[in-house]
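Asks: okay, predicted coordinates and the sequence, questions at the end:
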Amino acid sequence: MANKRAFPLDKTRNIGIVAHIDAGKTTTTERVLYYTGRIHKIGETHDGASQMDFMEEEKERGITIQSAATTAEWKGYRVNIIDTPGHVDFTAEVERSLRVLDGGIVVMDGEAGVEPQTETVWRQCSDFSVPRIVFINKMDKMGADFDWSVQTIKDRLHANAVPVQVPIGAESDFEGVIDLVTMKAYVYDEDKEGENWDTVEIPADYQEKAQAARESMIEAVADVDDDVMGKFLEGEEITEEDIKAGIRRATLNLELYPVYAGSAYKNKGVQMMMDGVIDYLPSPLEVRPYMATDPENGDEQVEVRADDKGPFAALAFKIMTDPYVGRLTFIRVYRGTLESGSYILNATKDKRERAGRLVQMHSDQRQEIPEVFSGDIAATIGLKNTTTGDSLTDVDHPLILESMEFPEPVIQVSIEPKTKADQNKMNTALQKLSEEDPTFQANTDPETGQTIIAGMGELQLNIIIERMRREFGVDASIGAPQVAYREAFGKQVSAEGKFVRQSGGKGQYGDVYIEFTPNAEGEGFEFEDAIVGGVVPREYIPSVEQGLKEAMENGVLAGYPLIDLKAKLYDGSYHDVDSSEAAFKIAASLALREAAKKADPKILEPIMKVDIRVPEEYMGDVMGQVTARRGNIEGMEARDGAEDIHAMVPLAEMFGYVTDLRSATQGRGTFTMSFDHYTAVPKNIQEDIIKQNGGEA
Ligand SMILES: Nc1nc2c(ncn2[C@@H]2O[C@H](COP(=O)(O)OP(=O)(O)OP(=O)(O)O)[C@@H](O)[C@H]2O)c(=O)[nH]1
């Protein structure tokens, strides 16, 4: 007998909290958990006592490394919350969470407004069509300015940000908020942990401001909502319900972003923002249908909608290794239900799996549940072959849900175990850690035996090494961080690859003609079989593709992977007796080598988007530093005596930049960087790189 779901679908919200680093995501989430009754004591992230940041490294560094999914209840609704990391090294982690969420809370620091990483997460939310509300946090902080912060959303994000509140006071006088829909003021009681507030009339000195703000809010809604516009034009009364319904429709359509004010740290305004989640963010029934391909029906595209009755379909979006229970696979259920102990299909890998136990997470504590329903986020224990991005479905109804893409790593270091005994342990550890984090790769060079780990940034790799030591007991020494270069062809070329061996008995014969065309950045490898008349027999064609893929791994110039290439196999020949899969594989790699000689191959380097904030007087020096690092200044903005410099700089030139920036600005400059794109390195540098890797330039 099936269990009954605890919350109807329309009373479910799956939301993510996103922000620039230090804007207060974790503090906000903590408050939400406290007010929704799941934790009984407020822990501060800077004391290392937060409930959400539970990994040891997170406690020590006071930052959020891995998103934790947690479940809360608010006013009869189930709210599943994902706390996402703000540091740019973990951008892919944020993206992976956005994939499975229906709505977002964008937390901003009320003194800083929109920051570089706010722009990144905002763009990611837009890419995934995630409706969002904005929480302008830190209203108690010196320099906090609500109106200015809202303006930065309009100016920098070009988004229709519409305040639905007016804060009462700011900085140390921040007392509460005025709700522009109900025109009530909520004033907090200082002594309590924000659990009590008084609902009062709007203070006299705020009457005018609130009235004006309410009118702008209604106009903004009318601008994008026909119902409210109709009433507005007819001169009909616009009720609270009309306004709320209008804001809801516009928010779900990504045409409007309601803005709230508060201070998570001072326990003010969090409850009203939670009401906003219920009022304005979508239930799983209101999001655009999820697209999937049906492998049993010629890969037909189908829409998957939230419904408990359909066959089970879920996406595995995160793997975590837990010291007590082992491997936890986090899933978002799109359709159907799943009982613990049942068999499911990993449709991506075409393997059956048993979902032994089902758990709902609250920070690092878990509650066993007998069944999960459509729209839920939960974790399963016992899946063996599932990795991030895999589709899990009903055994008889395979479906491949739209998966996620992960960026190529930009930075790498060599690591060496301290002792021989550590070698095996290290391999296991690296394998587990790369299962958890798809942007982290570990490879051992078959020739030198050297192990290289690669990822999105130094912080990410340092954390991996710390975790290896702490969780797996492996001590390793590491080399200096290096750029993860890539290689690419510069122009279209064709080449023959012929492999013939005659040695006594059965010989080897493979012969292929391939046309290579550089692909656009990020398009990856594509293979086209254009053979006519069976000049290369069917059975050898997969070997040609495989041979190319393997050869591309090792590059053609300096041993870095060759990427973004189209290969068209258009001619060839075979031998009745001597041809084999192995021979065609080698022939393909010979064709690639031959083509490389004429293809004007290039070494590509990662270019980082660097945002620097410095006091005005240091601007000249700092810009000089950027230019000396082969950087391009893309723009500048002055703000409160400080200057924001936006630049594109090769990662290779950014090592040690922290120290240089500090000494040039007496410790007052700060910067953030994130990967932007790959581009060809200048010729002279390309020659150096090739020489360093033992090649001939
Ligand atoms: N004044 C003030 N400080 C706050 C507020 N909210 C958070 N902080 C402080 O800001 C710092 C960062 O807060 P976190 O909640 O850890 O920020 P985060 O966005 O989760 O940071 P990461 O997880 O590292 O990305 C901490 O020292 C908090 O105590 C607030 O409302 N007012």
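Replies: Structure's in. What do you need?
Asks: which pLDDT value belongs to Asp89?
Replies: At Asp89, the model reports a pLDDT of 59.
Asks: quickly note the distance from Asn515 to Leu590.
Replies: You called it Asn, but residue 515 is Glu. Distance, Glu515 to Leu590, using C-beta to C-beta, to the nearest Å: 15 Å. C-beta: built from backbone N, CA, C; applies to glycine.
Asks: oh, I was asking about Ile465
Replies: Using C-beta to C-beta, Ile465 is found at 39 Å from Leu590.
Asks: would you confirm that Ala378 contacts Val372?
Replies: Yes. In this structure Ala378 lies within contact range of Val372 using C-beta atoms under 8 Å: 4.7 Å.
Asks: quick check: neighbours shared by the two?
Replies: Contact criterion C-beta atoms under 8 Å, 6 or more residues apart in numbering; residues bridging Ala378 and Val372 by contacting each: 331, 333, 358.
Asks: and the closest residue to the first one other than its chain neighbours, bridged to which residues?
Replies: Ranked by C-beta to C-beta, 6 or more residues apart in numbering and with sequence neighbours excluded, the top spatial neighbour of Ile331 is Ala314, at 4.4 Å. Taking DSSP bridges, one finds Val333, Leu392 as the beta-bridge partners of Ala314.
Asks: what sits against Ala314?
Replies: Applying C-beta under 8 Å, 6+ apart, the residues near Ala314 are 331-334, 338, 391-393.
Asks: go again using 6 Å as the cut-off
Replies: By C-beta atoms under 6 Å, 6 or more residues apart in numbering, Ala314 lies in contact with 331, 333, 392.
Asks: and Asp578, by the same measure?
Replies: By C-beta under 6 Å, 6+ apart, Asp578 lies in contact with 507-509.
Asks: how far away is the residue in the stretch 151-300 of the chain that the ligand sits nearest to from Lys192?
Replies: Here the stretch 151-300 of the chain gets closest to the ligand at one residue, Tyr265, 3.2 Å apart by C-beta to the nearest ligand atom. Tyr265 sits 14 Å away from Lys192, going by C-beta to C-beta.
Asks: so these two - more neighbours on which side?
Replies: More crowded of Tyr265 and Lys192, by other C-beta atoms under 10 Å: Tyr265, with 21 against 10.
Asks: quick check: closest non-adjacent residue to the more buried one.
Replies: For Tyr265, the spatially nearest residue (C-beta to C-beta, 6+ apart) is Thr27, at 5.6 Å.
Asks: so what does the strand or helix carrying that neighbour touch, helix or strand wise?
Replies: Per DSSP states H and E, Thr27 falls inside helix 25-35. On a contact count with 3 or more C-beta pairs under 6 Å, 6 or more residues apart in numbering; DSSP states H and E, helix 25-35 meets strand 12-19.
Asks: let me see the mean pLDDT of the strand it packs on.
Replies: Across strand 12-19, pLDDT averages out at 91.
Asks: can you tell me the strand partners of it and which way each runs?
Replies: Sheet pairing of strand 12-19 (DSSP bridges) gives strand 77-83 (parallel), strand 103-109 (parallel).
Asks: what does the first one contact?
Replies: What that stands for is strand 77-83. Applying C-beta under 6 Å, 6+ apart, the contact partners of strand 77-83 are 7, 11-17, 29, 52, 67-72, 97, 278, 377.
Asks: can you select the buried ones from these in ChimeraX?
Replies: Of the contacts of strand 77-83, the buried ones can be selected in ChimeraX as follows, counting by 16 or more other C-beta atoms under 10 Å:
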select :7,11,12,13,14,15,16,17,29,52,67,68,69,70,71,72,97,377
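Asks: give me the contact list for stretch 665-683.
Replies: 88, 116, 410, 486, 602-615, 618, 661.
Asks: next one: stretch 228-242
Replies: For stretch 228-242, using C-beta under 6 Å, 6+ apart, the contacting residues are 181, 221-222, 246.
Asks: low-confidence ranges, the stretch 51-200 of the chain, go.
Replies: 51-68, 83-95, 191 (pLDDT under 70).
Asks: list the contacts for Arg357?
Replies: Contacts for Arg357 (C-beta under 6 Å, 6+ apart) come out as 340, 381.
Asks: what is the subsequent helix or strand relative to the helix or strand bottoming out on mean pLDDT in the chain?
Replies: When the helices and strands of the chain are compared on mean pLDDT, DSSP states H and E, helix 56-61 comes out lowest with a mean of 46. Next helix or strand after helix 56-61 toward the C-terminus (DSSP H and E): strand 68-74.
Asks: for the single nearest residue of the stretch 551-697 of the chain relative to the ligand, name its beta-bridge partners.
Replies: Using C-beta to the nearest ligand atom, the single residue of the stretch 551-697 of the chain nearest to the ligand is Thr672, 11.4 Å away. Beta bridges link Thr672 to Asp611, judged by DSSP bridges.
Asks: need the max-distance pair from the contacts of stretch 228-242.
Replies: Val181 and Ala222 (14.4 Å; C-beta to C-beta).
Asks: could you tell me which residues of the stretch 101-250 of the chain lie near the ligand?
Replies: Contact residues, the stretch 101-250 of the chain versus the ligand (C-beta under 6 Å from any ligand atom): 137-138, 140-141.
Asks: most surrounded residue in those?
Replies: In terms of neighbour count, Asn137 stands highest of those at 31 neighbours, by other C-beta under 10 Å.
Asks: how about the strands in the stretch 401-550 of the chain?
Replies: Using DSSP state E, counting those that start in this stretch, the strands of the stretch 401-550 of the chain run over 411-417, 441-444, 451-455, 476-478, 482-483, 486-488, 493-501, 508-518, 525-529.
Asks: and the fourth one, what does it pack against?
Replies: Yep, that's strand 476-478 we're talking about. On a contact count with 3+ C-beta pairs under 6 Å, 6+ apart, strand 476-478 meets strand 411-417.
Asks: next one: Gly103 from Glu303, what distance?
Replies: Gly103 is 20 Å from Glu303, where distance means C-beta to C-beta.
Asks: more neighbours: which of these two?
Replies: Gly103 (24 against 9).
Asks: need the contact list for the closest residue to that one other than its chain neighbours.
Replies: Distances taken as C-beta to C-beta, 6+ apart place Leu281 nearest to Gly103, at 3.2 Å, with adjacent residues excluded. Leu281 makes contacts with 13, 15, 103, as judged by C-beta under 6 Å, 6+ apart.
Asks: distance to Thr439 added to these, as JSON lines?
Replies: Shown next, in JSON lines, are the contacts of Leu281 (distance: C-beta to C-beta, whole Å):
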{"residue": "Arg13", "distance to Thr439": "28"}
{"residue": "Ile15", "distance to Thr439": "23"}
{"residue": "Gly103", "distance to Thr439": "25"}
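Asks: nearest to the ligand, of those?
Replies: Ile15 (15.2 Å).
Asks: the closest one pairs with what?
Replies: Ile81, Gly103.
Asks: neighbours of the residue nearest to Glu550 when sequence neighbours are not counted, how many?
Replies: Ranked by C-beta to C-beta, 6+ apart and with sequence neighbours excluded, the top spatial neighbour of Glu550 is Ser589, at 6.9 Å. When counting by other C-beta under 10 Å, one arrives at 21 neighbours for Ser589.
Asks: same deal with the one 10 residues further on?
Replies: One way to gauge burial is a neighbour count; for Ala599, by other C-beta under 10 Å, it gives 23.
Asks: so who does it touch?
Replies: By C-beta under 6 Å, 6+ apart, Ala599 lies in contact with 489, 491, 493.
Asks: and the helices in the stretch 101-250 of the chain?
Replies: With DSSP state H, counting those that start in this stretch, the ranges of helices along the stretch 101-250 of the chain come out as 116-127, 146-157, 207-224, 226-234, 240-252.
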